[in-house]
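Q: Following is a predicted model, sequence given first.
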There are 2 protein chains.
Amino acid sequence: MVKPVVVRNLHGQVVQELGRLIVGGEIAPGQNLPREELLAERMKVSRTALREAMKVLSAKGLIESRQKTGTRVRDTLHWNQLDADVLAWRCASMPTDDFVDKLVEMREIIEPAAAAAAARRRNPDQLDRIEAAYEAMAASNDREEWSVADLAFHEAVLHATHNELMISLFAVIETALGSYLALSALKASDFKYSLPHHKKVLDAVRRRQPEVAREAMQKMVADSRSNIRRHAKKA
Amino acid sequence: MVKPVVVRNLHGQVVQELGRLIVGGEIAPGQNLPREELLAERMKVSRTALREAMKVLSAKGLIESRQKTGTRVRDTLHWNQLDADVLAWRCASMPTDDFVDKLVEMREIIEPAAAAAAARRRNPDQLDRIEAAYEAMAASNDREEWSVADLAFHEAVLHATHNELMISLFAVIETALGSYLALSALKASDFKYSLPHHKKVLDAVRRRQPEVAREAMQKMVADSRSNIRRHAKKA
DNA sequence: GCTGTACATTATGTAGTACAAATCATACCC
DNA sequence: GGGTATGATTTGTACTACATAATGTACAGC
């Protein structure tokens, strides 16, 4: 279930390595990186590969290079916080669950709004897809199956909004959250606990009742939050 | 007021050029780019510069290259929609105001939630900053001054949420919207029209009343939307 | 002693060549 | 006819050389 992050390219590895260092705070904002030639040698790669990696990090807003001055880590203000990699690096390097709270907060903002939008704009195909995901959840036999179907449900709702910005945001937040812990991880016993909530959302979307859908989704994610909190405390 | 987008680097120019082509739809998803050597020659840059540009586009999810297969444009599903550049390219290439609606929808989701969060978590400094922005709005003499103070107000509220993900999202959405039209562009006459709304938000944040703040902000952005719609129709 | 200009220094930026690695297509052998 | 070998093609990596920009310093002039 953990994301693979398998990078075949060499520069991709360099990106990961440097990205982790920077986001993890080992190279602080304002600080300069070693010169390219030196850093390349130290990392056992060619300057070419290193530079391609630096361009990527630069695109993510993490660093900024200028001639003669060198390459320096930019202030966190300029970081592309919504970039999947940046988010993943933060998740990997923040022991505190303060960051989880922020992710959860975002989720609680997006999902109810998405449910409302979906209820307004969904087309028959999209409704079918949501329903199919619901059925799969209901029919699931273990937590693994349920998780997959659950994710499909939320994705289907998001897609029904017809707003790719929202879809993209959800994707980013969700994968980041997922990397922390099996998302809606009720311990074994009662993993279908939230099925009725999903049913309410489904029905509201079917009947095109935005406000009902919003409220149902809101309750659902609020529940999920308290579960995550409980789970996080244990760990 | 229009963003400069001045890129000194050569590969930066290539990124812009190719990015526009791809997001603008001139090179459709699934389609292959010419081989590096050929494309480099055609764009009058070295393969080195071209490759650095391609790595950036790859990081934005626009393209994907594999040996022998070549480099192909990925499906829009994989695009990093929340990337500032990608968003800017879309804004530049979409005559339809369908996209503005999506941006506005995002704004209407974020801002009320942000106002509520700010009311909950703001500290004295942040309240001061919001208040200062409000005073500047009240004291403004023309639309230009007012716009600047208005933006400062919203930024101050966002910062008071203590959630950098939300701040980042707002920044991205707002600049994209701003590139379309002077944001809350009431025509000359009555540019302070929304001042009372802002006052309500300010007061609610001061008194730490999340729900009041949310509702006030919601009305404000809803108003703003109808103005934008009216404005867009004219143009 | 102060200031302004010229130059040397040093980092990144760009170009070009050579070869490695992967993968697709074809031909070949069993 | 099917599986395997081989060759061709495209990206991946390395290395070299030089261009360009920006910084600091030294020197000349006032």
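A: Arrived safely, thanks for sending.

Q: gap between residue A:213 and residue A:29?
A: Distance from residue A:213 to residue A:29, counting by CB to CB, to the nearest Å: 42 Å. All C-beta atoms are positioned from the backbone trio N, CA, C, and that covers glycine.

Q: ok, residue A:30 touching residue A:76?
A: No: at 10.6 Å, residue A:30 and residue A:76 do not qualify as touching, with contact defined as CB atoms under 8 Å.

Q: more neighbours, the two?
A: Taking other CB atoms under 10 Å in any protein chain shown, residue A:30 and residue A:76 do not tie; residue A:76 has more neighbours (15 against 9).

Q: Right, and DNA strand D sits closest to which residue of chain A?
A: Closest to DNA strand D within chain A is residue A:10: 2.6 Å, counting by CB to the nearest atom of the strand.

Q: how many other residues sit next to that residue?
A: Residue neighbour count, defined by other CB under 10 Å, stands at 17 for residue A:10.

Q: State the distance from the nearest residue to residue A:197 once chain neighbours are set aside to residue A:141.
A: Nearest residue to residue A:197, sequence neighbours excluded (CB to CB, 6 or more residues apart in numbering or on different chains): residue A:220, at 4.0 Å. Look at residue A:220 and residue A:141: by CB to CB, they are 22 Å apart.

Q: Same drill for these two, tell me which one is more crowded.
A: Set residue A:220 next to residue A:141 and count neighbours by other CB under 10 Å: residue A:220 wins out with 22 against 8.

Q: quick one, what contacts that one?
A: Residue A:220 makes contact with A:111, A:194, A:197-198, A:201 under the criterion CB atoms under 8 Å, 6 or more residues apart in numbering or on different chains.

Q: 10 Å - rerun?
A: Contact partners of residue A:220, counting by CB atoms under 10 Å, 6 or more residues apart in numbering or on different chains, are A:108, A:111-112, A:115, A:154, A:184, A:194, A:196-198, A:200-201.

Q: tell me which element residue A:65 falls in.
A: Counting by DSSP states H and E, the element that carries residue A:65 is strand A:63-66.

Q: where does the residue in chain A sticking out farthest from the centre land on pLDDT?
A: Distance from the C-alpha centroid of chain A, by CA atoms, centre = their mean, peaks at residue A:68 (37.3 Å). According to the prediction, residue A:68 has pLDDT 93.

Q: does it count as helix, strand or coil?
A: coil (DSSP: H, G, I helix; E, B strand; the rest coil).

Q: And it, its phi and psi?
A: Dihedral angles of residue A:68 (phi, psi; degrees, to the nearest 10) stand at phi 70, psi -50.

Q: any idea how far it lies from residue A:35?
A: Using CB to CB, residue A:68 is found at 11 Å from residue A:35.

Q: mind listing the strands for chain A?
A: Under the criterion DSSP state E, strands of chain A are mapped to A:63-66, A:70-73.

Q: now these in CSV, with distance to residue A:229 and mean neighbour count?
A: Listed next are the strands of chain A as CSV, based on distance: least, CB to CB, whole Å; neighbours: other CB atoms under 10 Å in any protein chain shown:
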stretch, distance to residue A:229, mean neighbour count
strand A:63-66, 35, 16
strand A:70-73, 33, 18
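
Q: what sits against residue A:217?
A: A:108, A:110-116, A:118-119, A:154, A:157, A:197-198, A:200-201, A:204-205.

Q: Please point out which parts of the worst-scoring helix or strand of chain A on mean pLDDT sit buried.
A: The least trusted helix or strand in chain A, going by mean pLDDT, DSSP states H and E, turns out to be helix A:210-234, with a mean of 84. With burial defined by 16 or more other CB atoms under 10 Å in any protein chain shown, the residues of helix A:210-234 counted as buried are A:210, A:212-218, A:220-221, A:224-225, A:227-228, A:231.

Q: next one: stretch A:36-54
A: Buried residues in stretch A:36-54, defined by neighbour count with 16+ other CB under 10 Å: A:36, A:39-40, A:43, A:45, A:49-54.

Q: returning to that earlier point: could you check how far the residue farthest from the centre of chain A is from residue A:112?
A: Relative to residue A:112, residue A:68 is positioned 51 Å away (CB to CB).

Q: And residue A:121, by the same measure?
A: Plainly put, residue A:121 is 15 Å away from residue A:112 if you go by CB to CB.

Q: More neighbours: those two, which one.
A: Neighbours were counted for residue A:121 and for residue A:112 using other CB under 10 Å; residue A:112 has more, 24 against 15.

Q: That one: what's it in contact with?
A: Applying CB under 10 Å, 6+ apart to residue A:112 gives the contacts A:201, A:211, A:213-222, B:109, B:113.

Q: For my notes, please list those in CSV and give distance to DNA strand D for each entry.
A: CSV is the format used below for the contacts of residue A:112 (distance: CB to the nearest atom of the strand, whole Å):
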residue, distance to DNA strand D
A:201, 42
A:211, 49
A:213, 43
A:214, 44
A:215, 48
A:216, 45
A:217, 41
A:218, 44
A:219, 46
A:220, 41
A:221, 39
A:222, 44
B:109, 37
B:113, 40
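
Q: quick one, helices of chain A?
A: According to DSSP state H, chain A carries its helices in the segments A:10-23, A:36-43, A:47-59, A:84-93, A:98-121, A:124-139, A:143-159, A:164-180, A:195-206, A:210-234.

Q: relative to helix A:164-180, how tilted is the longest one?
A: Here helix A:210-234 runs at 20 degrees with respect to helix A:164-180, directions being taken by axes from the mean of the first three to the mean of the last three CA atoms, to 10 degrees.

Q: give me phi/psi at the nearest residue to residue A:73 once chain neighbours are set aside?
A: Excluding the flanking residues, the one nearest residue A:73 by CB to CB, 6+ apart is residue A:29, at 4.9 Å. Backbone geometry at residue A:29, expressed as degrees, to the nearest 10, gives phi -50, psi 140.

Q: Tally up the residues packed near residue A:19, please.
A: Neighbourhood size, residue A:19 [other CB under 10 Å]: 22.

Q: got it, and residue A:171?
A: Residues lying near residue A:171 (other CB under 10 Å) number 17.

Q: Against residue A:62, how distant is it?
A: Counting by CB to CB, the separation of residue A:171 from residue A:62 is 21 Å.
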